[in-house]
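*Asks:* this is a predicted model, with the sequence first.
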Amino acid sequence: MELTAGLPYWLINSGLLFKYPKLDNDHQAHVAIIGGGISGALSAYFLTEAGLPCLLLDARTIGLGSTCASTSLIQYELDIPLHQLVLKKGDAIATRSYQLCYESVGKLLSLMKKTGFNDFEKSPSLYVSRHLAQKKFMHEELNARKTAGFDVQMLDEAVMKNTYGIKAVSGILSTVAASIDTYKLTHHLLQHAIKKGLKVYDRTKVIAINENKKHLEIITEDNHRVYADYIVNAAGYEVVNFIEKGIVNFDCTYAIASEQQPDNENLWQDGTLIWTTDDPYLYLRTTTDNRLLAGGRDERFSNKTTRQVLLDKKQKLLEKDVGKLMPGLSFKTEFTWSGTFGKTKDSLPYIGSYTNPKILYALGFGGNGITFSLIAAEINRDIICGRRNPDADLFNFNRS
């Protein structure tokens, strides 16, 4: 599947960071990871930190799937507001899902500091409504988050205008969020894991998995074999090649990045991540080289041709969206791109085994892909190490 179109800013900014070999013979590994994006990289990190011999395969050059198209907002908030998730899944599951994402933001920040990755910024997150009719909606969400123990506060129209330059009615400010370069972090984590024994092969497409009694057998497009005791499938949106169950719907999201702003120009306070309740929604962040990045305007994915044709139209619409939300902001687009992503019916990921207990999945669908990927990496590590993880059942394939 073609996962991106246009010129993703992160790829242009960093280029091809490292070279990885293509698999050219048969191999054995305790754990084989399929997928070399951020989900596979986080899985490799946690597994190698646990001392488990691992091998990773990716069909593309590392990072050139959805990872390089990610806008890399790290938030604990899911695609669905907490008070609505409570109605759909019940208070316990909804609250715990939000709490796990909250904890994952902190764990991700600690992980980056521990491994020496500096291309991130810790920041608040602001959930914005431009509509008077959503006053009740916003207060219900505020109360749900406070009840769950999150540090949040409601901002009024005047505060948002004076502090952020935002034209909106109300906003929920959360203290815990971050923005990163996911493409660069993926390579950083793989390089760290390689030092712990990980073997990485890209441009190596998996075409089949045989489930034998003694081991699992991965067959590649070039007819090489990888024999493993466990498989962690972190192939993301291409998981439809491995699972028959209809677990995800595919959408296409669009993003634009502005020209670099003067170094002495502060775009808005604290580099706060901003996202709206609008449908179609809008989200904004800044980058470490002082650009503004905006995204949204999702469409149901149909084919790569349609996605490419819509790039110019979506760029203009996103620029208008930014202008309506922040009228005083100067925005001149330099990069435009799109990426395919998946949504589940309940906005939660799929983690763990599907049919075979030794084939595990790390599928962090939706806007929380990165925090979900960290949760998946911990749960799957615990399963492989024979440890019980109390949260594993929240995201299994058999949930209602």
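*Replies:* Here it is on my side, so go on.

*Asks:* now for the chain, the helix or strand with the poorest mean pLDDT.
*Replies:* When each helix and strand of the chain is scored by mean pLDDT, DSSP states H and E, helix 304-309 comes last, with a mean of 65.

*Asks:* immediately after it, which helix or strand?
*Replies:* The helix or strand immediately downstream of helix 304-309 is helix 311-325, counting by DSSP states H and E.

*Asks:* how far off centre is that next one?
*Replies:* 23 Å (CA atoms, centre = their mean, to the nearest Å).

*Asks:* only the buried residues of it, if you could.
*Replies:* For helix 311-325, a neighbour-count test (16 or more other CB atoms under 10 Å) marks 311, 314-315, 317-319, 321-322, 325 as buried. Where you see a C-beta, it was placed from the backbone N, CA and C, and this is true even at glycine.

*Asks:* which one of those is nearest V248?
*Replies:* Relative to V248, the closest of the buried residues of helix 311-325 is K314; by CB to CB it sits at 22.0 Å.

*Asks:* how about the helices of the protein, start to end?
*Replies:* 9-14, 38-49, 82-89, 91-115, 135-147, 157-164, 182-194, 304-309, 311-325, 369-384 (DSSP state H).

*Asks:* so which of these is the most surrounded?
*Replies:* Mean neighbour count, computed with mean count of other CB atoms under 10 Å, is highest for helix 38-49 among the helices of the chain, reaching a mean of 27.

*Asks:* helices or strands up against that helix?
*Replies:* strand 27-34, strand 54-57, helix 182-194, strand 225-233, strand 359-363, helix 369-384 (3 or more CB pairs under 8 Å, 6 or more residues apart in numbering; DSSP states H and E).

*Asks:* next, the angle strand 27-34 makes with it.
*Replies:* 140 degrees (axes from the mean of the first three to the mean of the last three CA atoms, to 10 degrees).

*Asks:* and the contacts of helix 38-49?
*Replies:* By CB atoms under 8 Å, 6 or more residues apart in numbering, the residues outside helix 38-49 that reach it are 31, 33-34, 54, 56, 58, 67, 70, 111, 115, 182, 185-187, 189-190, 192-193, 196-198, 200, 232, 234, 236, 362-364, 369-370, 373-374, 376-378, 380-381, 384.

*Asks:* same check, this time on stretch 90-101
*Replies:* 75-78, 82, 85-86, 88-89, 145, 148-150, 348, 368, 371-372, 375, 391, 394.

*Asks:* 6 Å instead?
*Replies:* If you take CB atoms under 6 Å, 6 or more residues apart in numbering as the criterion, stretch 90-101 is touched by 76, 82, 85-86, 148, 368, 371, 375.

*Asks:* between those, which is closest to K358?
*Replies:* I375 (20.1 Å).

*Asks:* next one: the closest one from D26, what distance?
*Replies:* Using CB to CB, to the nearest Å, one obtains 33 Å as the distance from I375 to D26.

*Asks:* ok, now A257?
*Replies:* Distance from A257 to D26, by CB to CB: 43 Å.

*Asks:* who has more neighbours out of those two?
*Replies:* A257 (26 against 13; other CB atoms under 10 Å).

*Asks:* where does the protein dip in pLDDT?
*Replies:* Residues of the chain meeting the criterion pLDDT under 70: 1-5, 237, 240-241, 244-245, 263-266, 301-308, 400.

*Asks:* make it 80
*Replies:* 1-6, 236-250, 262-267, 269, 299-309, 340-342, 365-367, 400 (pLDDT under 80).

*Asks:* nearest residue to the middle of it?
*Replies:* G369 (2.7 Å; CA atoms, centre = their mean).

*Asks:* I38 versus that residue, what's the distance?
*Replies:* 7 Å.

*Asks:* same question, G149
*Replies:* Noted for G149: a distance of 27 Å to I38, by CB to CB.

*Asks:* before we move on, what about L52?
*Replies:* 19 Å.

*Asks:* cool, and R399?
*Replies:* 24 Å.

*Asks:* and what of K136?
*Replies:* 37 Å.

*Asks:* repeat for G271
*Replies:* G271 is 21 Å from I38, by CB to CB.

*Asks:* please apply the same query to A235.
*Replies:* For A235, the distance to I38 - CB to CB - is 12 Å.

*Asks:* ok, M154 next?
*Replies:* M154 is 33 Å from I38, by CB to CB.

*Asks:* now for K313: which residues touch it?
*Replies:* K313 touches nothing, counting by CB under 6 Å, 6+ apart.

*Asks:* with adjacent residues omitted, what lies nearest to K22?
*Replies:* R203 (4.6 Å; CB to CB, 6 or more residues apart in numbering).

*Asks:* does that neighbour really touch L23, like I thought?
*Replies:* No. R203 is beyond contact range of L23, at 8.5 Å (criterion: CB atoms under 6 Å).

*Asks:* quick check on the two: which one has the bigger neighbour count.
*Replies:* Higher neighbour count among R203 and L23: L23, with 24 against 16, using other CB under 10 Å.

*Asks:* now the more buried one. Its backbone dihedrals?
*Replies:* phi -60, psi 120 (degrees, to the nearest 10).

*Asks:* what's in contact with stretch 369-384?
*Replies:* For stretch 369-384, the surrounding residues in contact (CB under 6 Å, 6+ apart) are 38-39, 42-43, 46-47, 50, 74, 100-101, 104, 108, 230, 232, 349, 351, 360, 362, 364, 389, 392.

*Asks:* what's the answer for stretch 203-212, then?
*Replies:* Applying CB under 6 Å, 6+ apart, the external contacts of stretch 203-212 come out as 22-23, 34, 57, 59, 217-221, 356.
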